[in-house]
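Enquirer: Pasting a predicted model and its sequence here:
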Amino acid sequence: MEFKTVDHSLKLAGSPHQVYELLMDSEQHSAFTGGEAVISREVGGDFTIMGGGLGGKNLELIEDEKIVQSWRAGDWPEGHFSTVTFLLDEEDGGTRLSFIQAGVPADKYDSINEGWSTYYWVPMSKALEK
């Protein structure tokens, strides 16, 4: 099976702490995505998002700076996980979010690449502008 990497970089209006909380706080994550999220805040802890359609495990957490997680969707090959990295850097009063998702099944790449913008970056931007 062939795999691809999603790579995005964007500037968000909120502080690194605000962005970190949107990604790691179950209630805030559920609110901005519109799908139920249950997220452990511990390394080694599990998470499910989008009502259980996606899930994985926290691999590395540095509060307000870095999140590394294993991710998989229910329709991926059995036992296959991608690795997602969110890097948060303060930039001009906001946050530079550098994002990489390695190990995406090639046949899912286009929808996943677009999905990050549609289901994460746009609603996150709106949530941070409030």
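Expert: Structure's in. What do you need?
Enquirer: contacts and neighbour counts: CA atoms only from here.
Expert: Fine.
Enquirer: Identify each buried residue in stretch 110-127, please.
Expert: Within stretch 110-127, the residues that count as buried by 16 or more other CA atoms under 10 Å are 112, 113, 119, 120, 121, 123, 124, 125, 127.
Enquirer: of the residues you listed, closest to residue 95?
Expert: Closest approach between the buried residues of stretch 110-127 and residue 95, by CA to CA: residue 125, at 10.8 Å.
Enquirer: Can you tell me the closest non-neighbouring residue to residue 96?
Expert: Sequence neighbours aside, residue 11 is the residue nearest to residue 96 in space, at 4.5 Å (criterion: CA to CA, 6 or more residues apart in numbering).
Enquirer: Thought residue 92 was touching the one you found, still the case?
Expert: No - between residue 11 and residue 92 there is no contact under CA atoms under 8 Å: 9.3 Å.
Enquirer: Among the two, which residue is more densely surrounded?
Expert: Between residue 11 and residue 92, counting by other CA atoms under 10 Å, residue 11 is the more crowded of the two (17 against 10).
Enquirer: How confident was the prediction at the more buried one?
Expert: Looking at residue 11, its pLDDT reads 97.
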